[in-house]
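1. Here you go, sequence then predicted model.
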Amino acid sequence: MIIKSRAPLRIGLAGGGTDVSPYSDIYGGSVLNATINKYAYATIEPLSGNEIILNSIDKKICLTYTTNDSLPIDGKLDLLKGVYNRIIKEFKKEPKSFKLTTFVDAPAGSGLGSSSTLVVAIIGAFAEWLYLPLGEYDIAHLAYEIERIELGMHGGKQDQYAATFGGFNFMEFYKDDKVIVNPLRIKPKYIAELQNNLVLFYTGTSRDSGTIIKQQSNNVVTNDVTAINATHILKEQSVKMKEALLTGNLEQIGQILNLSWEHKKLMAKGISNPAIEKLYTTAINAGSNGGKISGAGGGGYIFFYCPGNARYIVIEAMKKLDLIAENYEFTSNGLYTYTI
């Protein structure tokens, strides 16, 4: 018996950052994101011995432990260990012997929610193996608690829910960890046009999103008016993005992205830098009318809205900066688990 699981990564189209506490607790946040066909994978192979093997293929790390009800959180594959520890504790399960293998299609710090998506995929694999009574909201919330609270990794709430639910979702975030996921019924022709016009690039550099997000949270705590007002505008743009996608007014998307990017940079230091600004200016000069860094900022993936046939000119311009457009497709499915 082998248990397999996969969960999709996501592109944050609007409202990113408003899902981070304490802003979401005080003012309420809203985010619009969409999952793409890049995934985090988890495979569990039950063993008959007395070992737990953790194997991260993309990180090229393999660790072996004697079967125990708690694995050490020491900076080595802590996401994998954190899920195991919580599952054993939460559901009163006896420690088991198994091999957990993981792989993610994007590097850590990519801005596509890779860490949170991996946690969701691992939880899904354990839920399938151990017959855990977990619905979609349960899995997403459990992933959030493991990553943000138990492991102390700074970040928001959108990634866990995007990976679990999949598709285009307008998400609302409130105090007491209340989250409402609103799936959007967008016409296929609008999705096709969005996918054609939204060009995705990897900057070649990853970043520590936790540092940026921690500063963002501190700006709310210290009542930094500039940062808070900028976050308010980001929330407004998530609503406008939803309206544009549902009604087919796609010509507004570039403007929404551009306005969001200008205000996102006011939320915390380090979101942009000279290298990112050069990329942004190059894309705009080539025909894009807006774009943004995906995720907290500072590096990772960046995307631009390119109306008409501008995508081809933008792609050529970015090649001169050694950036290659990534092939991707939007997906409608979230976490998927099965046993073979």
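-> Happy to help now that I have it. This is a predicted model, so every value here is computed, not measured.
2. Now for the protein: which strand has the highest residue count?
-> The strand of greatest length in the chain, counted in residues with DSSP state E as the criterion, is given as strand 29-46.
3. Packing partners of that strand?
-> Using 3 or more Cβ pairs under 8 Å, 6 or more residues apart in numbering; DSSP states H and E, the elements in contact with strand 29-46 are strand 3-14, strand 98-104, helix 114-130, helix 158-165, strand 168-173, helix 225-247. (C-beta placed from N, C-alpha, C; glycine too.)
4. Residue 58 is nearest to which of these?
-> The closest of those to residue 58 is strand 98-104. By Cβ to Cβ, the value is 5.2 Å.
5. Pull the distance from the closest one to the chain's centre.
-> On the basis of Cα atoms, centre = their mean, to the nearest Å, strand 98-104 is displaced by 20 Å from the centre of the chain it belongs to.
6. Quickly find the element holding residue 175.
-> Using DSSP states H and E, residue 175 is not contained in any helix or strand.
7. you'd agree residue 268 is up against residue 224?
-> No - the criterion here is Cβ atoms under 8 Å, and residue 268 misses it with residue 224 at 9.2 Å.
8. more neighbours, those two?
-> Between residue 268 and residue 224, counted using other Cβ atoms under 10 Å, residue 268 has the larger neighbour count: 23 against 18.
9. mind listing what's buried in the helix or strand hosting residue 25?
-> Under DSSP H and E, the secondary-structure element containing residue 25 is helix 23-26. If you call a residue buried by 16 or more other Cβ atoms under 10 Å, then helix 23-26 has these buried ones: 23-25.
10. ok, now which ones touch the residue nearest the centre of the chain?
-> Compute the mean C-alpha point of the chain, and by Cα atoms, centre = their mean the closest residue is residue 113, 2.2 Å away. Applying Cβ atoms under 8 Å, 6 or more residues apart in numbering to residue 113 gives the contacts 9-10, 12, 158-159, 162-163, 295.
11. what are the phi and psi values for it?
-> Per-residue torsions, residue 113: phi 80, psi 30 (degrees, to the nearest 10).
12. Excluding chain neighbours, what is closest to it?
-> Of all residues beyond its chain neighbours, the one nearest residue 113 is residue 159 (3.4 Å), with distances taken as Cβ to Cβ, 6 or more residues apart in numbering.
13. hang on, the earlier thing: neighbouring contacts of the helix holding residue 25?
-> Residues outside helix 23-26 that contact it (Cβ under 8 Å, 6+ apart): 17-18, 29, 156-157, 173-176, 216-217, 220, 228, 231.
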